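Chemist: Fold the following.
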Amino acid sequence: MRVSYALLGALFLLAALKPAQAEDRTPAEEAFFEGRELMEEERYEEACEAFSRAFELDPAPGTLLNLALCQESLGDLATAHATYLEAAELAASEDDETRERAGLDRADELEPRVPRLKLELMGEVPEDLEVRKSGEDITDKLGEAHLVDPGEYALEATAPGRLAWEQEVAVAEEGESVSVAIPELRRAHNEPCAGVTEIEHQPIHSTTGLQPLPVLAEVGPELDADRVLLHYRTTGTTKYDTVEMFSVGDCEMEAHIPEFAFTDNFVYYYISAQRADRELARSGSAGTPYIIGVTGQDARGEAFVQPDDERPAHAMFAMLSSGAGGGLVGGETEITGDDVSCCFGASGLHVIPEIGISVDHSVTLSLAARLGFPIGATAGGRTASSGLLRLRYSTSDDVHGPFIGFTVGAGIMRNTVSLHTGDTDTVASGPVLLGAGGGYSWQLNKYAELVAELHAMAGIPVVDCIGDCGSEFGGGVRTNFALQFDASAGILLSF
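Modeler: Numbering: from 1, shown residues only. Prediction:
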C-alpha cells in the first residue's frame, strides 16, 4: 500500500509525544488518539474528522501531519499535499525542524501523483469574468495547471452580458493532466439575434490541441441559410475538411475541430453560410483563413509551445538551385554570325543563388543571380549571367505547397544551336528579362525546404548590341529574342 511508508513516518513523529493515560488526556489528545485508532481500522473519513477536531482544539504540526496522511489515504491527494506544506510551515514557525522536514519531504514525494486541471478561455476575455470549479472561484488560476483531488467537478464561467458556460469534468487517475477549453462566452441579447445580419465570429488564436476545439459563430436569420459549415485544414495541406455547425441558441451555431487535426503546429479555418450549395456569407475564407497556433502540455501539466515547422513571416532565407532547359531563339549566333531564323536551342546547365524574405505566410520576395553554362558549344560557350527580382505567391496560404512566381531582371541568357558546318554556337538573348512560372515546396524540417520549379522567361533585345560588337575580338554581345523554358530544383534555408 502506497501510504504505509508515510504511516511509519507519522508514527515515528508521534514517538516524541509523552504517553498519557486515557483519564489524563485533554480533549485534543482524545480526538488525536481516536484518529489514530480509526486509521489503523482504515476508517479514513472518520479518522480525518477526528484529526481535524484535534487540530482545532490544539493546532500542533504533528496533528496536521497525521491529518495529511489521512487525506492521502482517503485519496484526496491535492488536499493532502496542501496540508503537508501547511504542517511544514507551522513546524518552521515553532522551530521544529524534524516535522518541518517531514512535511516538505512528504509533499515532494506526493506531488507527482497529484492530478492537475487546466482551464483555458478561447477568444475574447470578457470584463468581470468569473470561473468556478464546483463553487470554488478559480478565476485567478485560468490558464494554469493547478493541483486537484481526483473526482468529478462542475465547471462554470460567467460574465455580465454573456451567456453562462457549464461543463462537467472528471479527473480520475493519479498524475493525470486534464485540459478544458472554455469557448468564447456568447453575448446575451435583449432580443434574439439583435444586430446580427451575417456571420459574427471571434477568431481563435491558440489551443492546446489535447481535445476537440469548440468553434462558435452567430449567424443572422436574414441570411436564410439552410446550413452553416466549419472548414478546417492543417499545415502542408490545401484541402479543407468540413463539418456542419449545429444550433445552440437563437442564432448561435457551434461545431468542433476534432482532436486529431491538431497534430501539426497550425490549423487554418473559416466559416460559411450556405443555401442550396450557394455561399451566402462567410467569416474568413479559403484564401485568408483564421490561423490557430497549437500548443501542447507535458506530463505535469506545464504548457509548452510545439516546435514551429512553419517559416515565419519576415524570415530571411537563402536558396541555391540548379537545372537545365532550352528555348525558342532567333537572330544571329555570337561567334560565326550565322542567321538563326527559328529553332530550339538548349541552354545547358544553370545555377541560381538567391536570397530573400518571407513577406508573410504566402508571399516571398528575393534577389537572384542566374549563371548559365552553355555546355557543348564548340564555336562559343561563354557563361551567361543575369540579375533577377523574384516574387512568389503560395496558393496554399502558407509558404509550403504549390506556388506561382514572377520574375523581372536584366542580363544575358545563352542557348546552344547547331550550325550547318556541324559545329555549335550560342545565341544570346536579353538584356531585359521577364518571366513567370510555378512550382512546389516541401518542408524538410524547421529550417529547410526542397523547392522544385518550372519557369518560362523571355529575353527581350531592347538594344542590338552590348559592348563592342564591331570586331571579332571586341567582346560585345549581339542580343536577340528568346523564349526560355527552365526546370530547376534546390534547397531553401530559413534563418
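Chemist: helices and strands of the protein: which one bottoms out on pLDDT?
Modeler: Ranked by mean pLDDT, DSSP states H and E, the helix or strand of the chain with the weakest confidence is strand 303-305, at a mean of 36.
Chemist: Going along the chain from the helix ranked longest in the chain, find the next helix or strand for me.
Modeler: As assigned by DSSP state H, the longest helix anywhere in the chain is helix 77-93. Next in sequence after helix 77-93, counting helices and strands by DSSP states H and E, comes helix 97-110.
Chemist: tilt between that following helix and helix 77-93?
Modeler: Put simply, helix 97-110 runs at 160 degrees to helix 77-93, going by axes from the mean of the first three to the mean of the last three Cα atoms, to 10 degrees.
Chemist: Same question for helix 97-110: list its buried residues.
Modeler: 99-100, 102-104, 106-107, 110 (16 or more other Cβ atoms under 10 Å). C-beta coordinates here come from the backbone N, C-alpha and C atoms, glycine included.
Chemist: Send over the next helix or strand after that helix as CSV, restricted to the C-alpha atoms.
Modeler: Following helix 97-110 in sequence order, the next helix or strand is strand 116-121 (DSSP H and E). C-alpha atoms of strand 116-121 as CSV (Å, rounded to 0.1, in the frame of the first residue of the first chain):
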residue,chain,number,x,y,z
ARG,A,116,-3.8,18.6,-12.5
LEU,A,117,-6.6,20.6,-14.1
LYS,A,118,-6.0,23.4,-16.6
LEU,A,119,-8.8,25.7,-17.9
GLU,A,120,-8.2,27.9,-21.0
LEU,A,121,-10.6,30.6,-22.4
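Chemist: which helices and strands sit right next to the helix or strand following strand 116-121?
Modeler: Using DSSP H and E, the helix or strand that follows strand 116-121 in sequence is strand 130-133. With contacts taken as 3 or more Cβ pairs under 8 Å, 6 or more residues apart in numbering; DSSP states H and E, strand 130-133 sits against strand 116-121, strand 151-158.
Chemist: Between helix 77-93 and the last one, find me the angle.
Modeler: So that's strand 151-158. Going by the same axes, to 10 degrees, strand 151-158 makes 90 degrees with helix 77-93.
Chemist: Sketch out the low-pLDDT regions of the stretch 1-150 of the chain for me.
Modeler: 1-23 (pLDDT under 70).
Chemist: can you check the stretch 301-450 of the chain too?
Modeler: In the stretch 301-450 of the chain, residues with pLDDT under 70: 301-315, 341-342, 360-361, 376-381, 396-400, 446.
Chemist: That one: strands as residue ranges?
Modeler: 303-305, 316-332, 339-358, 363-373, 384-394, 401-411, 413-418, 424-429, 432-443, 448-460 (DSSP state E, counting those that start in this stretch).
Chemist: can you map out the strands along the stretch 151-300 of the chain?
Modeler: Using DSSP E, counting those that start in this stretch, strands in the stretch 151-300 of the chain cover 151-158, 165-171, 177-182, 199-200, 206-207, 213-219, 227-234, 241-244, 246-247, 252-257, 266-275, 278-283, 290-297.
Chemist: Deepest in the core, which of those is it.
Modeler: strand 213-219 (a mean of 23; mean count of other Cβ atoms under 10 Å).
Chemist: Quick one: neighbours of residue 146, just the number.
Modeler: 17 (other Cβ atoms under 10 Å).
Chemist: can I see the domain layout of this protein?
Modeler: 4-112, 115-188, 197-308, 316-494 (automatic domain parsing).
Chemist: Quick check: end-to-end length of the longest one?
Modeler: It stands for domain 316-494. Terminal residues of domain 316-494 are spaced 6 Å apart (Cα to Cα, to the nearest Å).
Chemist: returning to what we had before: would you format the helices and strands packed on strand 130-133 as CSV with distance to residue 68 included?
Modeler: Listed next are the helices and strands packed on strand 130-133 as CSV, based on distance: least, Cβ to Cβ, whole Å:
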stretch, distance to residue 68
strand 116-121, 19
strand 151-158, 18
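Chemist: Compare the ones you listed and report which one is nearest to residue 344.
Modeler: strand 116-121 (62.0 Å; Cβ to Cβ).
Chemist: The closest one pairs with which strands?
Modeler: Strand pairing for strand 116-121, using DSSP bridges, gives strand 146-147 (antiparallel), strand 177-182 (parallel).
Chemist: Pipe the ones you listed into JSON lines and attach distance to residue 464 per row.
Modeler: Output for those, formatted as JSON lines (distance: least, Cβ to Cβ, whole Å):
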{"stretch": "strand 146-147", "distance to residue 464": "79"}
{"stretch": "strand 177-182", "distance to residue 464": "69"}
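Chemist: so which of those comes closest to residue 119?
Modeler: Taking these one by one with Cβ to Cβ, strand 177-182 is closest: 5.2 Å.
Chemist: ok, residues contacting that closest one?
Modeler: For strand 177-182, the surrounding residues in contact (Cβ atoms under 8 Å, 6 or more residues apart in numbering) are 115-122, 131, 145, 155, 157, 165, 167, 169, 171, 207-208, 210-211, 213-214, 297-301.
Chemist: Any stretches of the stretch 151-300 of the chain with poor pLDDT?
Modeler: Ranges of the stretch 151-300 of the chain meeting pLDDT under 70: 188-192, 194, 236, 296-300.
Chemist: Spit out the contact partners of residue 231.
Modeler: 240-242, 269-272, 286, 289.
Chemist: Pull the number of nearby residues for the residue lying closest to residue 72 once chain neighbours are set aside.
Modeler: Ranked by Cβ to Cβ, 6 or more residues apart in numbering and with sequence neighbours excluded, the top spatial neighbour of residue 72 is residue 80, at 3.9 Å. Residues near residue 80, counting by other Cβ under 10 Å, number 27.
Chemist: Residue numbering should commence at 277 henceforth.
Modeler: Sure, I'll start numbering at 277, so the last one becomes residue 356.
Chemist: Give me the distance between residue 356 and residue 403.
Modeler: Distance of residue 356 to residue 403, given as Cβ to Cβ, to the nearest Å: 37 Å.
Chemist: Ok, residue 375 next?
Modeler: From residue 375 to residue 403 the distance is 46 Å (Cβ to Cβ).
Chemist: same check, this time on residue 451
Modeler: Distance from residue 451 to residue 403, by Cβ to Cβ: 36 Å.
Chemist: cool, and residue 730?
Modeler: Distance from residue 730 to residue 403, by Cβ to Cβ: 55 Å.
Chemist: cool, residue 614 as well?
Modeler: 82 Å.
Chemist: Neighbour count for those two, which is higher?
Modeler: The neighbour comparison of residue 614 against residue 403 (other Cβ under 10 Å) goes to residue 614, with 17 against 9.
Chemist: what about the spatially closest residue to residue 609 that is not a sequence neighbour, how many neighbours?
Modeler: Closest residue in space to residue 609, ignoring its immediate chain neighbours: residue 701 at 3.8 Å, by Cβ to Cβ, 6+ apart. The number of residues packed near residue 701 is 26, by other Cβ under 10 Å.
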